[in-house]
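A.B. asks: just to be clear, the model below is a prediction. Sequence and coordinates:
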Amino acid sequence: MAEAWAVHTVDRRLGSRQLAALLTGTAGERPGYRALAHAVRTLLLDGRIPLHTRLPAERELAAALSVSRATVTAAYDVLREGGYARSRRGAGTWTELPEGRRPSSVAAFPAGDDVLDLAVAAPGAPEAELAAALAGASELLVEHAPTPGYHPYGIPELRAAVADRFTRRGLPTLPDQILVTTGAQHALSLTLALLGRPGDRVLVENPSYPNALDAIRGAGLRAVPVPVTDDGWDSGLVESSLRQAAPRIAYLVPDFQNPTGCLMPREQRVRILETARATGTWLLIDETIADIALDGPPPAPFASLAPHGAGEQVVTVGSLSKSHWGGLRIGWVRAGSRLITELAMARVPVDMATPVIEQLVALHLLRGMNEVLRERLPRLREQRDALAASLARHLPEWRWRLPPGGLSLWVDLGRPVASSLARAALAHGVRIEGGARFGADPGTHEHRLRVPFTLPPELSEQAAVRLAAAAAGDLRLTGDDTGRRPWVA
């Protein structure tokens, strides 16, 4: 039976040429049936073949791979026996996951004092700057105290400051194009609810930010997953998915994507903008991590590359949670002024407005943001490199690409044991999230682990030692079925 919280998906088919292209270099030029089955299973677990996808007919795939039909038949038999495929007479063969491969999580459990918390990829607050911002906010509060204090759009000063930052980054923006929200998650949920209706298609990355996927599930939207691999996005696949599925919305994290850390090249952004304009798809761009550029200048806003007249089709959300502190629940939406008005009207029955005091604190932090980043980014770079060195020392069989920005490593464990490893790690004093939590399809990415580099180097070393001890234990446990859906930052 399908998981209760699974994403609503569209009907999926995989052509023989498509699958043959994906298998190139994975199963060899002329694979044996076991190698072929293993390669298909690997692609499924990595999210490059979506769950519940109809596989090519045996004869067609055999021709595309230049192997005998018996080889493909035997490979499909192996997949079915392992629980990675199911067949129905006359309907074909579909990808599936075996029982026990459903995602489980430990992130719902609170971390004690002796537990190193790697389930949340977010830094602590810049204490001196936060204290100064609180003092500055208290001085400005006297100007707002005589007013009712309800600002559905956000206080004018903060809207102007956010708009000015967009303008300085290369995207001319007016204050009436900004809506201040209670964090980026609030911004995402508001936008999805306004633009989408139950049953509408939403293109999503696979893997992606779990809380955004939860918001899509909660809105009753149907996901159209496109893979993001260690090499990034496949432009052709994204464009073909936009044209064929014609999704109402496309949710993308092009800047140091969570969890892979990939940075989308400029030419891919332009092609996606042009295709989305042609298909009438709203682009919902999450820039929450855009400022965490560790190996180069921060990227320009995605919407700044939009062709003339297409910028109104791009909605950008951001926040101060990754650049400053998640405890300060301040986010924003940047869009056309008409859409901003509609979003403000939609929010009033839900939360009225974002607290004025927090907005005044955010105003001070935003004005001094460059100074905070100038101190914070070198420290994060040092922590990233220290974590990579610790993992390489204690867990040399693990593999990853060093990301140019963001807050975590997307680690390949080499085998699908992430959920059991996360539970074992908790027993060794490390709270961490397995890759399945980030999958648009439940149960995929079980061979991956997201490891944030938000701890100081000495604690990262301790975490690596504990993870190595957990990995050396018994990882044959299966996932639980408690149905927990934890928050993951």
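C.D. replies: Thanks, I have the structure now.
A.B. asks: what's whichever helix or strand A35 is part of packed up against?
C.D. replies: In the assignment (DSSP states H and E), A35 maps to helix 33-45. Judged by 3 or more CB pairs under 8 Å, 6 or more residues apart in numbering; DSSP states H and E, helix 33-45 is in contact with helix 16-23, helix 69-82. C-betas here are computed from N, CA, C, even on glycine.
A.B. asks: those helices: which one's closest to T191?
C.D. replies: helix 16-23 (31.5 Å; CB to CB).
A.B. asks: dump that closest one to PDB, restricted to CA.
C.D. replies: Extracted in PDB, the C-alpha atoms of helix 16-23 (Å, rounded to 0.1, in the frame of the first residue of the first chain):
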ATOM      1  CA  SER A  16      14.000   2.300 -24.400                       C
ATOM      2  CA  ARG A  17      16.400   4.900 -25.800                       C
ATOM      3  CA  GLN A  18      16.100   7.000 -22.700                       C
ATOM      4  CA  LEU A  19      16.800   4.000 -20.400                       C
ATOM      5  CA  ALA A  20      19.700   2.900 -22.700                       C
ATOM      6  CA  ALA A  21      21.200   6.400 -22.400                       C
ATOM      7  CA  LEU A  22      20.900   6.300 -18.600                       C
ATOM      8  CA  LEU A  23      22.500   2.800 -18.500                       C
END
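A.B. asks: span of stretch 411-422 from start to end?
C.D. replies: 13 Å (CA to CA, to the nearest Å).
A.B. asks: what distance separates it from the centre of its chain?
C.D. replies: Counting by CA atoms, centre = their mean, to the nearest Å, stretch 411-422 is centred 18 Å from the centre of its parent chain.
A.B. asks: let me know how buried the residue lying closest to I330 once chain neighbours are set aside is, in neighbour terms.
C.D. replies: Excluding the flanking residues, the one nearest I330 by CB to CB, 6 or more residues apart in numbering is A362, at 4.1 Å. Counted with other CB atoms under 10 Å, the neighbours of A362 add up to 28.
A.B. asks: which outside residues touch stretch 44-51?
C.D. replies: 9, 12, 14, 19, 22, 40, 43, 84, 95-97, 206-207, 225, 227, 229, 416, 439-448 (CB atoms under 8 Å, 6 or more residues apart in numbering).
A.B. asks: restricted to buried residues, select those residues in ChimeraX.
C.D. replies: Buried residues within these, by 16 or more other CB atoms under 10 Å, are selected in ChimeraX with:
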select :9,12,14,19,22,40,43,84,95,96,97,206,207,225,227,229,416,439,440,441,442,443,444,445,446,447,448
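A.B. asks: narrow the contacts of stretch 44-51 to those in strands?
C.D. replies: Counted as lying in strands by DSSP state E, out of these, are T9, R12, T95, N206, P225, P227, T229, R448.
A.B. asks: picking that back up, how near is the residue nearest to I330 to I289?
C.D. replies: Distance of A362 to I289, given as CB to CB, to the nearest Å: 17 Å.
A.B. asks: do the same with H308
C.D. replies: 28 Å.
A.B. asks: more crowded one of those two?
C.D. replies: Neighbour count, other CB under 10 Å: between H308 and I289, I289 has more, with 26 against 5.
A.B. asks: pLDDT score for the nearest residue to the more buried one once chain neighbours are set aside?
C.D. replies: Excluding the flanking residues, the one nearest I289 by CB to CB, 6+ apart is F256, at 4.7 Å. With respect to pLDDT, F256 scores 98.
A.B. asks: if I read this right, F256 contacts E287, doesn't it?
C.D. replies: No. The pair F256 / E287 is not scored as a contact, 9.9 Å apart, by CB atoms under 8 Å.
A.B. asks: angle of the helix holding A35 against helix 16-23?
C.D. replies: 90 degrees (axes from the mean of the first three to the mean of the last three CA atoms, to 10 degrees).
A.B. asks: what does the next helix or strand after helix 33-45 rub up against?
C.D. replies: Sequence order places strand 53-54 as the next helix or strand after helix 33-45, per DSSP H and E. Under the criterion CB under 8 Å, 6+ apart, residues R12, R13, L14, G92, T93, W94, T95 lie in contact with strand 53-54.
A.B. asks: following strand 53-54, which helix or strand comes up?
C.D. replies: Counting by DSSP H and E, the next helix or strand C-terminal to strand 53-54 is helix 58-65.
A.B. asks: closest one of the ones in strands among the contacts of stretch 44-51 to G327?
C.D. replies: Looking across the ones in strands among the contacts of stretch 44-51 and measuring by CB to CB, the closest to G327 is R448, at 28.1 Å.
A.B. asks: buried residues, stretch 460-472. List them.
C.D. replies: S460, E461, Q462, A463, A464, V465, R466, L467, A468, A469, A470, A471.
A.B. asks: what of stretch 294-307?
C.D. replies: Using 16+ other CB under 10 Å as the test for burial, stretch 294-307 gives L294, P298, P299, P301, F302, A303, S304, L305, A306.
A.B. asks: the fourth one against T316, yeah?
C.D. replies: Yes. Distance between P301 and T316: 6.4 Å, which falls inside the contact criterion (CB under 8 Å).
A.B. asks: overlap of the contact sets of those two?
C.D. replies: Joint contacts of P301 and T316 (CB under 8 Å, 6+ apart) are F166, E287, R334.
A.B. asks: quick check: the gap between the closest residue to L14 other than its chain neighbours and E81.
C.D. replies: Of all residues beyond its chain neighbours, the one nearest L14 is T53 (5.1 Å), with distances taken as CB to CB, 6+ apart. According to CB to CB, T53 stands 19 Å off from E81.
A.B. asks: looking at those two, which is more packed in?
C.D. replies: Remark: of T53 and E81, T53 carries more neighbours, 20 against 11, as counted by other CB under 10 Å.
A.B. asks: Y251: neighbouring residues, count only.
C.D. replies: With other CB under 10 Å as criterion, Y251 counts 27.
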